[in-house]
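> Sequence below, structure please.
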Amino acid sequence: MQNAEQYRSDASGASSDGTSALFPPFLTPSGNLRIPSSLPYFPARERGEASEPEVRNSDSDDDREGEGDSPAVILGMQMLEAARKTTIQPSQNYAPDETTDTRTSALCIPPPAPLPAPTHLLELKFTACGETLLVPIHEGLWANKSRFLSHLDGNASPAPAILREGQLRIIPLPIIRHSLPFRTVWPVLYQYIHVGSTAAVLQDLLTFPVPPSPLSSDPADVQQHQVGAVVARIERIRRLWLDVVALEADTDIALWDAMDRAWNVLLTELKEGLHGSPTREEPSLSEGELRTT
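Numbers count the residues shown, from 1 in each chain. Got it, this is the predicted structure:
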């Protein structure tokens, strides 16, 4: 168990403003926009540690029509539902000498049977915004997805229930602390870890609705296809890349492939948008980067 007073620093090199030496922001100090022409490999792949995922994506292109989800996908979906239906008790239920930063466990109302009860709470600190989030997790799943969590015992049972107020079951779950760069893309990674759907990741990255600019006279649906919105979606891929690396879940080749597909589609759309925009300079490919001003 980690020191309850400290968050483990993420492996992506991200600082409090969300920058990273591994995958730096697109906007340079001089005001130029520099976007790599290809998505960087995950560090684990560069080290030769990446592998195909154990759970085959049930909605991949080569699935036979009518084929049901695999048992592993079904279990992941059950764990996702169970995590969402677990209620974490507010801080006033703890001893006076315990604080948010010092307590090593939290009381939770587990999900209704037969959903599997979570075994831990993952407390995430997002360095780009300074917010924290408590997430119920099942160690049997997460220990296989993240090197950071691989020390957990995948065969351990949930904590014993404590009877409170008659039939109300409350379980104490140990807290594991970690830090990630970006909260905005965390839901994408959280769902992928449970169900392994690359199609869902690809759809989110390609179609995520970017808030329309109040300074533009164009309709909101038109703005979704303009250069600014496309750049925002490409930035979303960068943020997901950094979160994956920080969680030490970067051995999944299928996830990188889905992100790479989205990257190439959006980069093509960006180039076409720049060529068709009379107010911007033509893009130039130099040293593997798309540079605009």
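
> which parts of stretch 132-151 are buried?
By neighbour count on 16 or more other CB atoms under 10 Å, the buried set for stretch 132-151 is 135-146, 148-149. Placement of C-beta: from N, CA and C, glycine included.

> In helices, which of those residues fall?
Using DSSP state H, E139, G140, L141, W142 are the members of the buried residues of stretch 132-151 that sit in helices.

> quick one: E81 from A200, how far?
Between E81 and A200 the distance is 16 Å, computed by CB to CB, to the nearest Å.

> Would you map the helices across the stretch 1-150 of the chain?
Taking DSSP state H, counting those that start in this stretch, the helices of the stretch 1-150 of the chain run over residues 43-46, 71-84, 139-142.

> Now do the second one, average pLDDT.
Regarding helix 71-84, the rounded mean pLDDT is 94.

> Which strands or helices does that helix pack on?
Applying 3 or more CB pairs under 8 Å, 6 or more residues apart in numbering; DSSP states H and E, one finds that helix 71-84 contacts strand 132-137, helix 139-142, helix 186-195.

> Give me the residues contacting the last one.
Spelled out, it's helix 186-195. With contact meaning CB atoms under 8 Å, 6 or more residues apart in numbering, helix 186-195 is reached by 58, 73, 76-77, 79-80, 83, 124, 126, 133, 135, 141-142, 145-146, 180, 197-198, 200-201, 204-205, 240, 243-244, 247, 249, 255.

> Any stretches of the protein with poor pLDDT?
Counting by pLDDT under 70, the low-confidence segments of the chain come to 1-19, 50-68, 91-102, 153-168, 213-225, 276-293.

> longest helix anywhere in it?
Per DSSP H, the chain has its longest helix at helix 253-275.

> re earlier: can you put the helices and strands packed on helix 71-84 in JSON lines and add distance to K271?
As requested, the helices and strands packed on helix 71-84 are arranged in JSON lines below (distance: least, CB to CB, whole Å):
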{"stretch": "strand 132-137", "distance to K271": "36"}
{"stretch": "helix 139-142", "distance to K271": "39"}
{"stretch": "helix 186-195", "distance to K271": "25"}
